[in-house]
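>>> Output the structure for:
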Amino acid sequence: MVHVVVVGGGWAGAGAALAAVRAGAGVTLLERTDMLLGTGLVGGIMRNNGRYTAAEESICMGAGDIFEVVDRVARHKNVDFPGHRHATLYDVARIEPAIKGLLIGNGVDVRLKCRVKDVKLDGGRIQGVVLDNGDVITGDVFVEATGSAGPMNNCTKYGNGCAMCVLRCPTFGGRVSIAAKAGVKEFMARKSDGSIGAMSGSCKLFKESLSREITEQLDQTGVVVIPIPENLRKGEGILAKKACQQYALADFAENVILLDTGHAKLMAPFYPLELLRQIPGFEYARYEDPYSGGMANSIRYLALSPRNNALQVEGADNLFCGGEKAGPLVGHTEAIITGTLAGHNAVRYAMGLELLEIPTELATGDAIAYVNEQVRAGQGLSMKYTFSGSVYFQRMVDKGFYTTDIALIRSRVNLAGMTDIFKNRLN
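The predicted structure follows:
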């Protein structure tokens, strides 16, 4: 049996592991912390704007299990907030055990607290990955889904310092790039002002630290929008630092926007606590993640791998990538989809089969190809792409990809010859 090793247990790693085991491989998933999902533990947003289209395309292609789990643990569905429509807000406390159960139930060997620090090479091929304790995990093919944020020194060098976020580098060690260890020269994305990286786009507040009126509205509707007095606004310049450019709208500079993901998700990369507490209803506000959300957030897009549209890494023969490693694609949905393709193609590669590219007649295939094209041309390294807003969502609208008509999406997937492509074992 083909053995696939997936490094990184975030949304991309979960997608890759599930796709590889469905394609017929034995799969080992290595996660450096004590929980899966990474930033998915604090994210909580799915199906907003074009992510609805992308999720339904994935479901029609036979990779719907993860989205179905998300829907089951949703706190709110069809939520509208500034610049975004029909969002699903999932419960960040319930999602990780549900996804872990999905993976284990399908035969994935999930190993937590297994930080990969190096690789063993044979020419251009990876033979195995080396853990902190010296153990070597061998495999036929590898998928890197380690993300692009951390370790702490990068957040200090390119940001405002370590924000003590859910990545928990001080506890479990920082991210190590498998591609870089294999000798691949990677890219670093930039902010619009030319500086390195981009800041994560939101923080969490304890609901209990907010006024009763705010928490009741959050529980009932899923969203609260509170105008910020002009003298307390941080200015729109802060929005340019965000990785999540779909939220870089004036509304997010002029209002406190909260979403209910089980906690109160504050749609700002950081907000000085002494200013926040001057806004009515926030007098006792306290951050949960990042704990230093009054001054900083994690810095991302520091290690992007060169890859083709099948998500095979260039320069390492048996390495594939998903999530942020695959380019400046922002978001959970984007990570699940790229991870799924990477995991599926890892099995195809090991079996000697032709690698699969999702046709550009579908939004998911177009996004993977377009971002690759933009990064190679250079300008893509200063942009962030997502199905839910900014540059790529506008492209979806212009090309007629964006729709919430499930029958139409199913028809497009069928015409592209991709119906249930990820569902069955490969021969």
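
>>> All the strands of the stretch 51-200 of the chain, in order from the start?
Ranges of strands in the stretch 51-200 of the chain, per DSSP state E, counting those that start in this stretch, are 74-81, 84-90, 109-111, 116-122, 125-131, 136-138, 141-144, 198-199.

>>> Can you point out the buried residues in the longest helix seen in the chain?
Determined from DSSP state H, the single longest helix within the chain is helix 332-351. Within helix 332-351, the residues scored as buried using 16 or more other Cβ atoms under 10 Å are 332-350. Every residue, glycine included, has its C-beta placed from N, CA and C.

>>> For the first helix or strand past that helix going along the chain, C-alpha coordinates in CSV please.
For helix 332-351, the succeeding helix or strand toward the C-terminus, using DSSP states H and E, is helix 363-377. The C-alpha coordinates for helix 363-377 follow below in CSV (Å, rounded to 0.1, in the frame of the first residue of the first chain):
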residue,chain,number,x,y,z
ALA,A,363,-13.7,28.5,-9.5
THR,A,364,-11.5,26.2,-7.5
GLY,A,365,-9.4,25.2,-10.4
ASP,A,366,-9.2,28.8,-11.7
ALA,A,367,-8.1,30.1,-8.3
ILE,A,368,-5.3,27.5,-8.0
ALA,A,369,-4.0,28.3,-11.5
TYR,A,370,-4.5,32.1,-11.3
VAL,A,371,-2.7,32.5,-8.0
ASN,A,372,0.2,30.5,-9.3
GLU,A,373,0.3,32.6,-12.4
GLN,A,374,0.2,35.8,-10.4
VAL,A,375,3.0,34.7,-7.9
ARG,A,376,5.3,33.7,-10.8
ALA,A,377,4.7,37.1,-12.4
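
>>> Residues in contact with helix 363-377: which ones?
With contact meaning Cβ atoms under 8 Å, 6 or more residues apart in numbering, helix 363-377 is reached by 50, 53-54, 57-58, 61, 187, 304, 307-309, 311, 326-329, 334, 337-338, 341, 357-360, 380-381, 383, 385, 387, 392, 395-396, 399, 401-402, 416.

>>> Among the strands of the stretch 51-200 of the chain, which comes closest to Gly159?
The closest of the strands of the stretch 51-200 of the chain to Gly159 is strand 198-199. By Cβ to Cβ, the value is 6.1 Å.

>>> So what touches that closest one?
Outside of strand 198-199, the residues within contact range by Cβ under 8 Å, 6+ apart are 159, 189, 191, 241-243, 269-270, 296-301, 328, 384.

>>> tell me the contacts of the residue found closest to Ile421 once you drop the neighbours it is linked to in the chain?
Nearest residue to Ile421, sequence neighbours excluded (Cβ to Cβ, 6 or more residues apart in numbering): Met61, at 5.2 Å. Contacts for Met61 (Cβ under 8 Å, 6+ apart) come out as Ile358, Thr364, Val413, Met418, Thr419, Asp420, Ile421, Phe422, Lys423.

>>> what about the fifth one, neighbour count?
So the one you mean is Thr419. 14 (other Cβ atoms under 10 Å).

>>> was I right about it contacting Cys60?
Yes - using Cβ atoms under 8 Å, Thr419 is in contact with Cys60, at 6.1 Å.

>>> Report the set of residues contacting both of these two.
Among the neighbours of Thr419, those also in contact with Cys60 (Cβ under 8 Å, 6+ apart) are Arg410, Val413.

>>> coming back round to it: mind pulling the model confidence for the residue nearest to Ile421?
We have a pLDDT of 98 for Met61.

>>> any idea how far it lies from Cys114?
Distance, Met61 to Cys114, using Cβ to Cβ, to the nearest Å: 30 Å.

>>> do the same with Ser411
From Ser411 to Cys114 the distance is 43 Å (Cβ to Cβ).

>>> And Ser211, how far from Tyr284?
From Ser211 to Tyr284 the distance is 8 Å (Cβ to Cβ).

>>> quick one, which of the two is more surrounded?
Neighbours were counted for Ser211 and for Tyr284 using other Cβ under 10 Å; Ser211 has more, 14 against 11.

>>> Could you double-check that that one lies in contact with Ala285?
No - using Cβ under 8 Å, Ser211 is not in contact with Ala285, being 9.4 Å away.

>>> Using CSV, write out the CA atom coordinates for the longest helix of the chain.
Below are the C-alpha coordinates for helix 332-351, written out as CSV (Å, rounded to 0.1, in the frame of the first residue of the first chain):
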residue,chain,number,x,y,z
HIS,A,332,-10.2,27.8,5.7
THR,A,333,-12.1,26.9,2.5
GLU,A,334,-9.1,27.6,0.4
ALA,A,335,-6.9,25.5,2.6
ILE,A,336,-9.3,22.5,2.6
ILE,A,337,-9.5,22.6,-1.2
THR,A,338,-5.8,22.9,-1.9
GLY,A,339,-5.1,20.3,0.8
THR,A,340,-7.6,17.9,-0.8
LEU,A,341,-6.0,18.2,-4.3
ALA,A,342,-2.5,17.8,-2.8
GLY,A,343,-3.4,14.7,-0.9
HIS,A,344,-5.2,13.1,-3.9
ASN,A,345,-2.3,13.8,-6.2
ALA,A,346,0.2,12.5,-3.7
VAL,A,347,-1.4,9.1,-4.1
ARG,A,348,-1.5,9.5,-7.9
TYR,A,349,2.2,10.3,-7.9
ALA,A,350,3.1,7.2,-5.8
MET,A,351,1.0,5.0,-8.1
